[in-house]
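> Need a 3D model of the following:
(one chain, ligands or ions: 1)
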Amino acid sequence: MAPKKLSCLRSLLLPLSLTLLLPQADTRSFVVDRGHDRFLLDGAPFRYVSGSLHYFRVPRVLWADRLLKMRWSGLNAIQFYVPWNYHEPQPGVYNFNGSRDLIAFLNEAALANLLVILRPGPYICAEWEMGGLPSWLLRKPEIHLRTSDPDFLAAVDSWFKVLLPKIYPWLYHNGGNIISIQVENEYGSYRACDFSYMRHLAGLFRALLGEKILLFTTDGPEGLKCGSLRGLYTTVDFGPADNMTKIFTLLRKYEPHGPLVNSEYYTGWLDYWGQNHSTRSVSAVTKGLENMLKLGASVNMYMFHGGTNFGYWNGADKKGRFLPITTSYDYDAPISEAGDPTPKLFALRDVISKFQEVPLGPLPPPSPKMMLGPVTLHLVGHLLAFLDLLCPRGPIHSILPMTFEAVKQDHGFMLYRTYMTHTIFEPTPFWVPNNGVHDRAYVMVDGVFQGVVERNMRDKLFLTGKLGSKLDILVENMGRLSFGSNSSDFKGLLKPPILGQTILTQWMMFPLKIDNLVKWWFPLQLPKWPYPQAPSGPTFYSKTFPILGSVGDTFLYLPGWTKGQVWINGFNLGRYWTKQGPQQTLYVPRFLLFPRGALNKITLLELEDVPLQPQVQFLDKPILNSTSTLHRTHINSLSADTLSASEPMELSGH
Ligand SMILES: CCCCNC(=S)N1C[C@H](O)[C@@H](O)[C@@H](O)[C@H]1CO
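Predicted coordinates for the structure are as follows:
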């Protein structure tokens, strides 16, 4: 719905007298009043108290619920990114449908009476796959991302010439709810410091959005030098533990007048697989917010609702080593991953209420939760048994291994196959030089799982084999660097592996379309397993099951499983890594599940080791803070009723 119609809708909802007072598009304005260090909205002093949520981490059916809760919390604005790679999956192919319907999300925000601070990038960071940049940019391996590299700018121009005209009608002065737009993202933290790039972006935004919209930049205090640009309003980001006075004083060097703005006030923090769950205390977060509001600053809380990295969408950081982000983006945010208000939300609402009106009326209750299980899964088959279906076009042949990007495989998995050129009797070291496994390699000889070689790790495998034995290497893309990348994060085998003294050549690459197989081909007439031993390593498990009671949000718990990917009724729920933690459960929104006895289907691709009992549980609470060592104690501490089945179900096997 275009904003003009929207304002008509609003005029229907409001008493006529008030409608006459509503400013029409020609008198609407959102500007910086440098004389009084404040914003003006329609000419009146205005301060935003905003919160971030990412439509791309929340299924569309849940958008209205989350936005209502944010409005009720006392926010008058929301802030969100637009991930380029979410909307342009292939060059020139655009997707703004379903959970990618950006305009529908803007409309939902308007209906919730929330203004919008939009951050369209082109780079967004956000712990999102490649910081929002599409991986197909890397099909030109020499491209210099986030610079005035002509190849990069050509792709950026082409994308923004599609996106920006879509949001133009939604600019506040045109009758919409977008009050400001960020150019790039923390550019000052990027090594390039390419001012012609930033000037190009600013010019493009002005050309496509006009002169009225407020354009701004956001940087940490150390990034202001390279991240700010004349003509763009300068803002900062910092968290509760940072020195607000010092940072705002530094900001004044760039914006001597105008409102103080913290565009990312961290209410929590991100999680990496294998590290402890991050939290920020309620007291610290609320104290910091109050101090900023007392100064008259406008603040956006990052995140107010984090959501989930479904599918393969998580990004990664590099802090000495490669650190993939977890599937949960709970962020210890005021609204939990499952959409439930936390004590932090109520505490923040109390602070906001000291400075501006907060809506009255009850907050919607937490969503209904459901426990179920245990559900015992059955072996569907080894990944290699489905190779023809997973790679219907057959393999690509090359003397040296090719990257995911070179074969146009954006996400997920690729199988690399070669044959042993001589018999190896003694266990012989196998490795990939220059840390060239991006990111995890599951190694098999004639279908027998040998172990894992992973990025950052120096460990080697020791292999034996016969002349002509198949050497299969399943490589998993764990998500491209979203921050801290001084070079492009190509995926796959970046160097030819070495076995003993032999550089392995003559490769076949099988880009695997696993999601298609799970969605369309299961249940299958099981293909014959061609090897004598039982399948080990990458294997599919599955089960169909009815839900006899009422359906609710639930948290899939996979005790004893190691690492893999999960689909529920064909929806890619994301990665699990029980062995690493800290996340032990995956959020399952209730709308994914069929009620009243209809059959639901869970499918796992377990990449390493399967528990003796291939069971999973559906819990009514998440477990996000149990690293592998902690996990055992945690599981012992869970009350019996949480762990044991609520009641065993009659499971119809398929
Ligand atoms: C280790 C953090 C990497 C840098 N990211 C930082 S500081 N952040 C700023 C960045 O702009 C935002 O998109 C988020 O990525 C946020 C962390 O949640």
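> For the rest of this, base every contact and every neighbour count on C-alpha atoms.
OK.
> list the contacts for residue 442?
Applying C-alpha atoms under 8 Å, 6 or more residues apart in numbering, we find residue 442 in contact with 449-453, 473-475, 537-538, 607-608.
> Mind doing that once more with 7 Å?
451-453, 473-475 (C-alpha atoms under 7 Å, 6 or more residues apart in numbering).
> Out of those, which comes closest to residue 407?
residue 475 (13.6 Å; C-alpha to C-alpha).
> that's a helix at that closest one, yeah?
No - membership of residue 475 in a helix is not supported by DSSP: H, G, I helix; E, B strand; the rest coil, which gives strand.
> Just the pLDDT at it, thanks.
Residue 475 carries a pLDDT value of 98.
> in the sheet, who's paired with it?
residue 414, residue 441 (DSSP bridges).
> how many neighbours does it have?
Look at residue 475: counted by other C-alpha atoms under 10 Å, it has 26 neighbours.
> tell me the contacts of it?
413-415, 439-442, 492.
> can you check residue 316 too?
127, 323-325, 479-483.
> Also within reach of the ligand: list those from those.
Here is what survives when the contacts of residue 316 are matched to the ligand using C-alpha under 6 Å from any ligand atom: 127, 483.
> Let me have the contacts of residue 316 in CSV, extended by secondary structure, pLDDT and distance to residue 588.
Formatted as CSV, the contacts of residue 316 follow (DSSP: H, G, I helix; E, B strand; the rest coil; pLDDT from 0 to 100; distance: C-alpha to C-alpha, whole Å):
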residue, secondary structure, pLDDT, distance to residue 588
127, coil, 98, 21
323, strand, 96, 24
324, strand, 98, 21
325, strand, 98, 18
479, coil, 98, 21
480, coil, 98, 24
481, strand, 97, 26
482, coil, 95, 25
483, coil, 87, 28
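> Give me the buried entries from the contacts of residue 316.
127, 323-325, 479-483 (16 or more other C-alpha atoms under 10 Å).
> ok, and the closest non-adjacent residue to residue 495?
Nearest-residue entry for residue 495: residue 436, 5.4 Å, with adjacent residues in sequence omitted and distances by C-alpha to C-alpha, 6 or more residues apart in numbering.
> same thing with residue 445?
With C-alpha to C-alpha, 6+ apart as the criterion, residue 445 has its nearest non-adjacent residue at 4.8 Å, and that residue is residue 471.
> ok, that neighbour to residue 440 distance?
16 Å (C-alpha to C-alpha, to the nearest Å).
> Over to residue 560?
Remark: distance between residue 560 and residue 440 (C-alpha to C-alpha) = 20 Å.
> More neighbours: these two, which one.
residue 440 (23 against 16).
> Just the buried positions in stretch 230-241, please.
If you call a residue buried by 16+ other C-alpha under 10 Å, then stretch 230-241 has these buried ones: 232-240.
> Between the two ends of it, how far is it?
Chord length of stretch 230-241, first to last residue, is 30 Å (C-alpha to C-alpha).
> Is that stretch in proximity to the ligand?
No - using C-alpha under 6 Å from any ligand atom, stretch 230-241 never reaches the ligand; the gap is at least 7.4 Å.
> Begin at 20, not 1, for the rest of this chat.
Okay, residue one is now 20; in that scheme the one you just asked about reads as stretch 249-260.
> mean confidence score for that stretch?
Mean pLDDT, stretch 249-260: 98.
> same check, this time on stretch 563-570
For stretch 563-570, the mean pLDDT works out to 93.
> Show me how the record splits the protein into domains.
When the chain is parsed with the TED database, its domains come out as 62-373, 391-400+535-638, 412-531.
> what's the burial count for the spatially closest residue to residue 465 that is not a sequence neighbour?
In space, and not counting its chain neighbours, residue 465 is closest to residue 489: 4.9 Å by C-alpha to C-alpha, 6+ apart. Neighbour count of residue 489, defined by other C-alpha under 10 Å: 18.
> same thing with residue 181?
Using other C-alpha under 10 Å: residue 181 sits among 12 other residues.
> Could you confirm it falls within a helix?
Yes - under three-state DSSP, residue 181 sits within a helix.
> List the contacts of residue 594.
Applying C-alpha under 7 Å, 6+ apart, the residues near residue 594 are 346, 583-585.
> State the distance from it to the ligand.
Per C-alpha to the nearest ligand atom, to the nearest Å, residue 594 is found 19 Å from the ligand.
> pLDDT averaged over the helix or strand hosting that residue - what is it?
Residue 594 is part of strand 590-595, with elements assigned from DSSP states H and E. Average pLDDT, strand 590-595: 98.
> Direction included, what does it pair up with?
strand 583-587 (antiparallel).
> Other residues contacting the strand it pairs with?
With C-alpha under 7 Å, 6+ apart as the test, strand 583-587 has contacts from 591-596, 620-626.
> Now do the contacts for residue 398.
559-561.
> how close does it get to residue 64?
Using C-alpha to C-alpha, residue 398 is found at 64 Å from residue 64.
> Residue ranges in the chain under the pLDDT threshold?
By pLDDT under 70, the weakly predicted segments of the chain are 20-45, 540-553, 647-673.
> what residue lies at the spatial centre of it?
residue 328 (3.7 Å; C-alpha atoms, centre = their mean).
> What ranges does the stretch 170-319 of the chain have for its strands?
With strands called from DSSP state E, counting those that start in this stretch, the stretch 170-319 of the chain shows them at 197-201, 233-238, 252-257, 280-285, 317-324.
> okay if I get those strands as JSON lines plus distance to residue 521?
Formatted as JSON lines, the strands of the stretch 170-319 of the chain follow (distance: least, C-alpha to C-alpha, whole Å):
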{"stretch": "strand 197-201", "distance to residue 521": "52"}
{"stretch": "strand 233-238", "distance to residue 521": "48"}
{"stretch": "strand 252-257", "distance to residue 521": "51"}
{"stretch": "strand 280-285", "distance to residue 521": "50"}
{"stretch": "strand 317-324", "distance to residue 521": "50"}
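> Minimum distance to residue 294: which of those has it?
For residue 294, the closest of the strands of the stretch 170-319 of the chain is strand 280-285, at 18.8 Å, according to C-alpha to C-alpha.
> Let me know whether that closest one sits next to the ligand.
No - under the criterion of C-alpha under 6 Å from any ligand atom, the ligand is not reached by strand 280-285; the shortest gap measures 7.1 Å.
> angle of that strand against strand 317-324?
Counting by axes from the mean of the first three to the mean of the last three C-alpha atoms, to 10 degrees, strand 280-285 points 30 degrees away from the direction of strand 317-324.
> how about the residues of the stretch 270-419 of the chain near the ligand?
288-289.
> Let me fix that, I meant to ask about the chain.
The chain comes close to the ligand at residues 143-146, 204-205, 288-289, 502, as judged by C-alpha under 6 Å from any ligand atom.
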